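[1] Sequence and predicted structure are below.
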Amino acid sequence: MPTFQTLISTLQPSIFTWSYFCNFEKIKSNVNQIEDALNLLNWLIWKENVEDEFINKLETYPFIREVLPILIATRKEKLKDFPILIDVQNLISENQYDLFDSSKPLDKQKMLVFFRQTWLKDLFENRSIKNLVDYVLWVETWLDSNARKNRTWELMENLVEEFIKDFCDKTWYDYKKQVSVDEIKKDWWIEIKINKNNRRFDFAIFNWKQVYLIEVNYYWGWWSKLKSVAGEFIELYRFLNQQWIKLIWVTDGKWWFTAKRPLEEAYNAMDWNIYNLEMLKKWVLFELISWLWKKH
């Protein structure tokens, strides 16, 4: 079996493809869905009495209200649980979600407060932009960049799935992705107790008797508290091991160089069941399952 030195010395410096930076298909689709409303608002760029014209537009085309949050770089849904401070001295907040719901009556006064206190009035009045469609395309690109952390997990999962799929295609094993214990019980007749509600496992591999659970992650940035992460995996491994369920942890990323000791502690506590992409690439999955099967 591989050693901890094998694990730490073969960490991948990157798993990122060009698609990691922006999901342009999603960005384009989001803009296309609201393009008509944006073009109607474009008309305000050339108007003198922009406040009156703004309210007139909203009265004539109520659906325009739905797109206003994106002009301040947020989603309408985000405002549901995001009260706005309307009285600073008395710390009074008020939910403003209905302001952008076109099925609700238009509150002109509140809408003008929104228009003035955000930079939208200046945006139109001073002609800071020439076209709202182009502007929102930029906003959507910026918002999409915030999803990069999630895309990191997706990239890692997709890479690991290639190895798992290859393994299952060449053996009698079956696998599931993002699977719950209820689904495992229903399809594979194996009952697993969990230590967290609504827990889903990244992968589960099954033959006619045994199930192997696989958790996957990739760490390349400072935001991850790796000592805590390692401790949680030790706890989960021991919890499952008491049920004769084997947990395999596939992790990678250069940030582990900053937390070698916690990773090594987890490696030893988890009976060496921690692997990285390079180790999977070398068919370690075949050796691992075979070894675990014999041990079981």
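    Great, that's in hand.

[2] so where's the chain uncertain?
    Where the chain drops to pLDDT under 70, the residues are 1, 90, 222-224, 283-286, 288-296.

[3] tell me the domain ranges of it?
    For the chain, the structural domains run 19-145, 148-295, going by automatic domain parsing.

[4] who touches Glu92 in this structure?
    No Glu there; residue 92 is Ile. 85-86 (Cβ atoms under 8 Å, 6 or more residues apart in numbering). The C-beta positions use only the backbone N, C-alpha and C, and glycine is treated the same way.

[5] going forward, begin numbering at 243 instead of 1
    Taking 243 as the first residue, the last one we looked at is Ile334.

[6] Tell me the bridge partners for it.
    Per DSSP bridges, the residues bridged to Ile334 are Asp329.

[7] So what's the residue count around the residue nearest to Tyr262 when sequence neighbours are not counted?
    Leaving out its chain neighbours, the residue that sits closest to Tyr262 by Cβ to Cβ, 6 or more residues apart in numbering is Arg393, at 5.5 Å. Counted with other Cβ atoms under 10 Å, the neighbours of Arg393 add up to 18.

[8] List the contacts of Arg393.
    261-262, 265.

[9] In the sheet, which strands lie alongside the host helix or strand of Val492, parallel or antiparallel?
    Secondary structure assignment for Val492, by DSSP states H and E: strand 488-494. Each strand that pairs with strand 488-494, with its direction, by DSSP bridges: strand 453-460 (parallel), strand 516-517 (parallel).

[10] which of those is buried the deepest?
    The highest mean neighbour count among the strands paired with strand 488-494, using mean count of other Cβ atoms under 10 Å, belongs to strand 516-517: a mean of 24.

[11] which is the next helix or strand following it?
    helix 519-523.

[12] Export only the CA atoms of that next one, formatted as PDB.
    In PDB, the C-alpha atoms belonging to helix 519-523 read as follows (Å, rounded to 0.1, in the frame of the first residue of the first chain):
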ATOM      1  CA  LEU A 519      -5.500  12.000  -7.800                       C
ATOM      2  CA  GLU A 520      -2.100  10.800  -8.700                       C
ATOM      3  CA  MET A 521      -2.600   7.700  -6.600                       C
ATOM      4  CA  LEU A 522      -5.900   7.000  -8.200                       C
ATOM      5  CA  LYS A 523      -4.400   7.400 -11.600                       C
END
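
[13] Can you name every helix or strand that it contacts?
    helix 390-411, strand 488-494 (3 or more Cβ pairs under 8 Å, 6 or more residues apart in numbering; DSSP states H and E).

[14] ok, residues contacting it?
    244, 248-249, 252-254, 257, 401-402, 405, 492, 494.

[15] Now do it: distance to the chain's middle.
    Relative to its chain's centre, helix 519-523 lies at 24 Å (Cα atoms, centre = their mean, to the nearest Å).

[16] Go through that helix and flag the buried ones.
    For helix 519-523, a neighbour-count test (16 or more other Cβ atoms under 10 Å) marks 519-522 as buried.

[17] same question, stretch 367-374
    In stretch 367-374, counting by 16+ other Cβ under 10 Å, buried: Leu374.

[18] With stretch 298-306 instead?
    Neighbour-count burial for stretch 298-306, counted by 16+ other Cβ under 10 Å, picks out 299-300, 306.
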